[in-house]
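J.: Give me a 3D structure for the following:
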Amino acid sequence: MRTTDAIRRGKTLAISGVVALAGVVFVPPSSDAVTAAPTHARLAAVYSIRFAGVKLGEFEVWSNVNEESYSLRGQGELKFLTKFLFEIKGGTTTAGAVTKNGPKPASFAFNFKTKKRKGELAMMFENDSVSYVMAKPPFSNSSKTIPVTDAHVKGVLDPLSAIFFTAKTSRRNKDGSVCPGRVPVFDGKQRFDLVLTHKKTIQVKKKRRKKGYKGPAVVCRIKYEPIAGYKPDNSGVQFMAATDEMEVWLIEVPKNGMYIPYHVSVPTPYGKASATSTAFHVEIPGFKKFAVVR
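T.: Now for the predicted structure:
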């Protein structure tokens, strides 16, 4: 593979990971935090996507949650230069049920488009297991790929639901954080775990403008553990499994017991990819609206 192509591929993979994480780490309030009318939380957020310090574009996320169901969708457009302009557009959606044990996805979809390529993925869930996967173009596997079994896709979450509703203020860890621990994920091809553990708590400072978020953020370290659907000799998988530098910063909406992602970073062999919130707006009936714009 040519160096230019390798860098472009590394950017695309890293950005996809950042976009997924930025869209999923939305932690609605626990049932203990809302005692009035049935919870119906809405979130709208915008994330600035960067690679190696250069802004590539934005990703927007919308979420709608009540006591019985949830839906999330996101879309973005990114542009970057290698020897020529490379542009990618994409979107993703998920929907499912809210249970006392966390999210139970029913459907997931993802699509992307460049000047030369386009693709889409759809997954359906039934009886707590993946029941259907459609990919265009179809995934290609080799004899070196660790096969995905029926057992691997039972009790899993799609990438966009992966960290959704898994951290609750009423179930803090021993260290006092809300990092959700081990999360089983299946993205249509690969089965892996994301393990989120408390790294530290920091104080986020406002930028030059008066607007923006200022206050504490819980930093969760994210460990990627591949299980099936990948080749053990894949250098990208090996790098992601070895790194300890992937993390997400969660900030709490005042008085609502709700956490949302402020910043996500994913290292790659070619540079660090990141997503940082530039605007978010949260609405919960019975509570004051919470909005931040950088």
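
J.: mind showing which ranges of the stretch 151-294 of the chain have poor pLDDT?
T.: 163-177, 207-211, 254-258, 288, 294 (pLDDT under 70).

J.: Can you show me the strands along this protein?
T.: Per DSSP state E, the chain carries strands over the ranges 40-51, 54-66, 69-81, 85-99, 102-113, 118-126, 129-136, 181-186, 191-204, 215-228, 247-253, 258-268, 271-283, 290-293.

J.: buried sites along the first one?
T.: Spelled out, that is strand 40-51. Buried residues in strand 40-51, counted by 16 or more other CB atoms under 10 Å: Ala41, Leu43, Ala45, Val46, Tyr47, Ser48, Ile49, Arg50, Phe51. The way it works is simple: take the backbone N, C-alpha and C, and place the C-beta from them, glycine included.

J.: beta partners for the last one?
T.: What it means is Phe51. For Phe51, the beta-bridge partners are Val54, Ala273 (DSSP bridges).

J.: any chance of the strands of the chain in CSV, plus distance to Pro147?
T.: Shown next, in CSV, are the strands of the chain (distance: least, CB to CB, whole Å):
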stretch, distance to Pro147
strand 40-51, 33
strand 54-66, 33
strand 69-81, 30
strand 85-99, 25
strand 102-113, 21
strand 118-126, 18
strand 129-136, 14
strand 181-186, 13
strand 191-204, 10
strand 215-228, 6
strand 247-253, 30
strand 258-268, 27
strand 271-283, 29
strand 290-293, 45
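
J.: Which among those strands is found nearest to Gln238?
T.: Closest to Gln238 of the strands of the chain, according to CB to CB: strand 215-228, at 9.0 Å.

J.: Note down every partner strand of that closest one and its orientation.
T.: strand 191-204 (antiparallel), strand 247-253 (antiparallel).

J.: Minimum distance to Gly155: which of the strands of the chain has it?
T.: For Gly155, the closest of the strands of the chain is strand 181-186, at 6.2 Å, according to CB to CB.

J.: From Phe290, how far off is the closest residue to Ser129 other than its chain neighbours?
T.: Spatial nearest neighbour of Ser129, excluding adjacent residues (CB to CB, 6 or more residues apart in numbering): Lys154 at 4.4 Å. Lys154 sits 37 Å away from Phe290, going by CB to CB, to the nearest Å.

J.: who has more neighbours, these two?
T.: Between Lys154 and Phe290, Phe290 has the larger neighbour count (other CB atoms under 10 Å), namely 18 against 13.

J.: Just confirm that one contacts Ala279, I think it does.
T.: No: between Phe290 and Ala279 there is no contact under CB atoms under 8 Å: 11.9 Å.

J.: which residues touch Pro138?
T.: Shown in contact with Pro138 (CB atoms under 8 Å, 6 or more residues apart in numbering): no residues.

J.: again, only this time at 10 Å
T.: Applying CB atoms under 10 Å, 6 or more residues apart in numbering to Pro138 gives the contacts Gly119.

J.: any idea how far it lies from Glu126?
T.: Applying CB to CB, the value for Pro138 to Glu126 is 22 Å.

J.: Next: Pro216.
T.: 41 Å.

J.: When the two are compared, which one has more neighbours?
T.: Each of Pro216 and Glu126 has its neighbours counted (other CB under 10 Å); Pro216 has more, 12 against 9.

J.: isn't Glu68 right up against Lys100?
T.: No: using CB atoms under 10 Å, Glu68 is not in contact with Lys100, being 11.6 Å away.

J.: Between the two, tell me which one has more neighbours.
T.: Under the neighbour definition other CB under 10 Å, Glu68 and Lys100 were set side by side, and Glu68 has more, 10 against 5.

J.: Looking at that one now. What's its pLDDT?
T.: Predicted confidence (pLDDT) for Glu68: 88.

J.: which one is it nearest to, not counting chain neighbours?
T.: Spatial nearest neighbour of Glu68, excluding adjacent residues (CB to CB, 6+ apart): Val98 at 5.9 Å.

J.: isn't that neighbour right up against His40?
T.: No: at 11.2 Å, Val98 does not count as touching His40 under the criterion of CB under 10 Å.
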